[in-house]
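> let me see the structure of the following:
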Amino acid sequence: MNWWLITIVIVILITIISTLTDTNDILNEWAESLTKLLTPTSIILGLILGYPLLKKKLTESYIAKQFDIMDNANRAVRTKCIELQDKYSQAKRSNHITIEYIAEAQDDFLELRQKAIDAAPDVYKYANLIYQSLSNLYEIYERQDKEQVFDYKEQLSTWLNEQTHEIYDYSKSVGCIPTGMTKSKKRLNKRLSEFVSGNSFIEVGDIDHSIDYLHSAAMLVIFYGKNNHIFDYNNINYFLACYKSAPSPSPFARLMYNSAIYFPPVLRGQKKLIFHYPELFLIGYSRRISSSPKGEERYYICTYANMSNVSFVIGTIHNLDSLTEYKDGYLDIPFSIENLSDFSKTSEVIQFRISVEEAEKRYNDGIGYRLQSRLKDEIKYYHK
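So this is what the prediction gives:
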């Protein structure tokens with residue numbers, strides 16, 4: 001039995017005794033005083049005990065309202081997705097890309113992103129990925145000579161169509177099941193908390209409205225997986241634009257783990273350039289099949305780029321032999337150029353070819369276990 005019930009029972013018993021007993025004036029006076037206190041005490045106890053229930057009801061009402069808003073926003077996103085899928089249809093490439101075409105697509109997906117602000121959290125995140133990729137692509141082509149643009153707008157259209165399917169799919173779900181619990185958080189650390197005002201806030205648990213992309217997020221694996229599938233190996237600008245939207249080697253590591261193949265998600269130089277070690281990040285890989293008198297060949301064209309603001313590829317990497325000075329920066333192990341071929345370089349981007357058999361061999365020769373361990377460590381780190 002709760003302490004407040006025990007208190008009320010004692011007060012009631014004393015009141016009854018004082019009513020039935022006339023011989024003890026002190027007891028009567030004490031019981032009368034307690035009786036007078038009973039009403040305000042009950043009110044105070046009611047407020048104390050009723051506050052958690054009231055807080056829970058208010059939270060549940062807030063969540064219900066947010067779900068209505070989210071559901072309406074999801075519906076608006078789906079409507080816009082259907083419109084964009086009709087506009088950006090899958091097609092064979094024939095016409096060169098223009099900056100005007102990219103600008104038009106950018107405006108369309110800006111509108112979609114705005115509609116997704118109140119939608120399920122993952123809907124906004126994925127829409128933002130596409131919009132940011134188009135913004136990056138616009139900046140890339142804006143700096144290039146129009147006569148040197150060889151990409152095709154139909155391939156971009158096909159990519160937009162496929163990625164819009166993903167946004168539509170995310171919009172069919174609320175993305176989370178809130179518990180109705182609230183949690184208090186501080187904007188600044190505990191050390192500063194007592195010296196500032198307005199430092200705390202309450203948020204509903206299990207509803208994530210952040211726009212950050214965890215390196216281990218399934219969304220990024222899906223995003224980069226589609227890019228690898230749709231883009232050709234010579235679509236360097238498309239690969240670059242997408243990687244800048246959510247730069248992380250981790251999704252590629254997960255894609256390779258799933259396919260039981262391996263080549264480094266990061267190549268890191270072993271000699272410093274100025275203050276840092278040079279790094280080349282895997283921004284995409286394209287699986288290809290070709291036929292020759294020797295038979296059918298299956299291989300990957302791997303595309304790596306310098307994502308820093310300091311150029312070094314043009315002056316330091318000339319051929320495959322130059323990569324002997326690099327190591328696997330993701331697993332922190334040596335990198336071998338054995339059985340790699342077809343090296344090429346475009347500005348700060350390099351490409352080379354590795355056969356499917358060689359990529360599978362590297363995975364099976366002990367790297368698969370290292371890769372699995374690294375993926376587990378990332379999950380622990382990003383979700384602790």
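
> what's stretch 104-118 in contact with?
69-70, 72-73, 76-77, 80-81, 84, 87-88, 123-124, 127-128, 130-131, 134-135, 138, 156, 160, 167, 171 (CB atoms under 8 Å, 6 or more residues apart in numbering). C-betas here are computed from N, CA, C, even on glycine.

> what about 6 Å?
69, 73, 76-77, 80, 84, 123-124, 127-128, 130-131, 134, 138 (CB atoms under 6 Å, 6 or more residues apart in numbering).

> same question, stretch 79-98
Here stretch 79-98 makes contact (CB under 6 Å, 6+ apart) with 108, 112, 115, 151-155, 157-158, 160-161, 164, 167-168.

> nearest to Phe335, of the residues you listed?
Asp151 (30.0 Å; CB to CB).

> where does pLDDT dip in the stretch 1-150 of the chain?
By pLDDT under 70, the low-scoring segments of the stretch 1-150 of the chain are 1-64, 92-93, 145-150.

> how about 90 then?
Residue ranges of the stretch 1-150 of the chain with pLDDT under 90: 1-72, 89-98, 118-122, 142-150.

> which ones among the contacts of stretch 104-118 are found in helices?
Using DSSP state H, the subset of those located in helices is 69, 73, 76-77, 80, 84, 123-124, 127-128, 130-131, 134, 138.

> now the residues you listed as JSON lines including distance to Phe223 and neighbour count?
Output for the ones in helices among the contacts of stretch 104-118, formatted as JSON lines (distance: CB to CB, whole Å; neighbours: other CB atoms under 10 Å):
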{"residue": "Ile69", "distance to Phe223": "26", "neighbour count": "11"}
{"residue": "Ala73", "distance to Phe223": "21", "neighbour count": "19"}
{"residue": "Ala76", "distance to Phe223": "22", "neighbour count": "17"}
{"residue": "Val77", "distance to Phe223": "17", "neighbour count": "26"}
{"residue": "Lys80", "distance to Phe223": "19", "neighbour count": "23"}
{"residue": "Leu84", "distance to Phe223": "17", "neighbour count": "22"}
{"residue": "Val123", "distance to Phe223": "14", "neighbour count": "31"}
{"residue": "Tyr124", "distance to Phe223": "14", "neighbour count": "26"}
{"residue": "Ala127", "distance to Phe223": "12", "neighbour count": "29"}
{"residue": "Asn128", "distance to Phe223": "11", "neighbour count": "20"}
{"residue": "Ile130", "distance to Phe223": "9", "neighbour count": "25"}
{"residue": "Tyr131", "distance to Phe223": "13", "neighbour count": "22"}
{"residue": "Leu134", "distance to Phe223": "13", "neighbour count": "24"}
{"residue": "Tyr138", "distance to Phe223": "19", "neighbour count": "15"}
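
> where do the helices sit along the stretch 51-200 of the chain?
With DSSP state H, counting those that start in this stretch as the criterion, the stretch 51-200 of the chain has helices at 99-115, 121-143, 153-170, 190-193.
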